[in-house]
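Peer 1: prediction below, plus the sequence it came from.
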Amino acid sequence: MTLMNRRQALRLSAKGLAGLMATFPLLKACAHPMGPEGSEPTTVAGDGPTPIEPGPIDWEEFLSQVGELAEIQFSPDWNQEAYVEDVRQLMARLNLEDPFLIQAYADYADQVRDFPEITQVHHEPTFEVTILEFEEGEFIPLHDHPDMTGVIMCVSGTVDVENFTLLEEPAEDSEFLLQRTAQTRMRSLDIGTLTSRNSNIHSLKALEFTQMLDVFTPPYNDDRSNRSRWFRRAVNPLPGRDEIFAAWER
């Protein structure tokens, strides 16, 4: 039985665990689209761990291998692009029918009105994993992930994602300038990434019931949560500056 079928079968009767992270700053949500719709992410070359062997892996093996990869964040020359690509490859091999994931998604209950249910399912000092469940039309506004990388999979459903990079140049008539780096419609098994410097700000809107899986490195802590920000942007880009938008903190 697939995750979606199992979830639908239990949907009316499940009294699942509460979304523990629903009141946490920024609610632990993130994703970065891969590029043009239907395309594969570009592999970024760089120093990194031994190439990952192909083949499916279970939940515990996934956590173990991500934990090994995550140690590289303490290197002074940490290549974040190479790191998120390695984690993306691991996530692509994860067995989504693993009993832990089946139960984790089945335990969800729709308890937060007009906002996705988000629950942390694994946390250690170097990384964390969360699962998200969106009802149709639920939306996470623009937000950032301070000093963090993220890898996100659309397990089922369809979600529109916009990603932006915060520009360092001063803004004249707004607080910030944001460069839109991608607009992507993620579908089942699509995986995206973000780094602390590129495409770190994003929004997500589900077009149907949608399940997602996130890996954040490093994990949220009090400091990173307190520094997280929500943004609003102008509807149209600045005159003569394609994909550059004025933006303000909410």
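Peer 2: Ah, there it is. Numbers count the residues shown, from 1 in each chain.
Peer 1: neighbours of Gly67, how many?
Peer 2: Gly67 has 14 neighbouring residues, counting by other C-beta atoms under 10 Å. Heads up, the C-betas are built off the backbone N, CA and C, glycines and all.
Peer 1: so where do the helices sit in the chain?
Peer 2: For the chain, the helices defined by DSSP state H cover 3-10, 59-70, 80-93, 99-106, 222-227.
Peer 1: now distance to Arg113 and mean pLDDT too, for those, in a markdown table please.
Peer 2: Converted to a markdown table, these look like this (distance: least, C-beta to C-beta, whole Å; pLDDT from 0 to 100):
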| stretch | distance to Arg113 | mean pLDDT |
| --- | --- | --- |
| helix 3-10 | 19 | 42 |
| helix 59-70 | 30 | 98 |
| helix 80-93 | 30 | 98 |
| helix 99-106 | 20 | 94 |
| helix 222-227 | 22 | 94 |
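Peer 1: which one of those helices lies closest to Leu189?
Peer 2: Among the helices of the chain, helix 80-93 comes nearest to Leu189, with 7.8 Å by C-beta to C-beta.
Peer 1: so what's Glu169 up against?
Peer 2: Residues in contact with Glu169, defined by C-beta atoms under 8 Å, 6 or more residues apart in numbering, are Leu177.
Peer 1: picking that back up, comparing the helices of the chain, which comes out most buried?
Peer 2: When those are scored by mean count of other C-beta atoms under 10 Å, the highest mean neighbour count falls to helix 80-93 (a mean of 21).
Peer 1: by how many degrees do that one and helix 59-70 diverge?
Peer 2: Relative orientation of helix 80-93 versus helix 59-70 (axes from the mean of the first three to the mean of the last three C-alpha atoms, to 10 degrees): 170 degrees.
Peer 1: and helix 80-93, how far from the chain's centre?
Peer 2: 13 Å (C-alpha atoms, centre = their mean, to the nearest Å).
Peer 1: so what does it touch, helix or strand wise?
Peer 2: With contacts defined as 3 or more C-beta pairs under 8 Å, 6 or more residues apart in numbering; DSSP states H and E, the packing partners of helix 80-93 are helix 59-70, strand 149-156, strand 191-194, strand 210-217.
Peer 1: cutoff 6 Å now
Peer 2: strand 149-156, strand 191-194 (3 or more C-beta pairs under 6 Å, 6 or more residues apart in numbering; DSSP states H and E).
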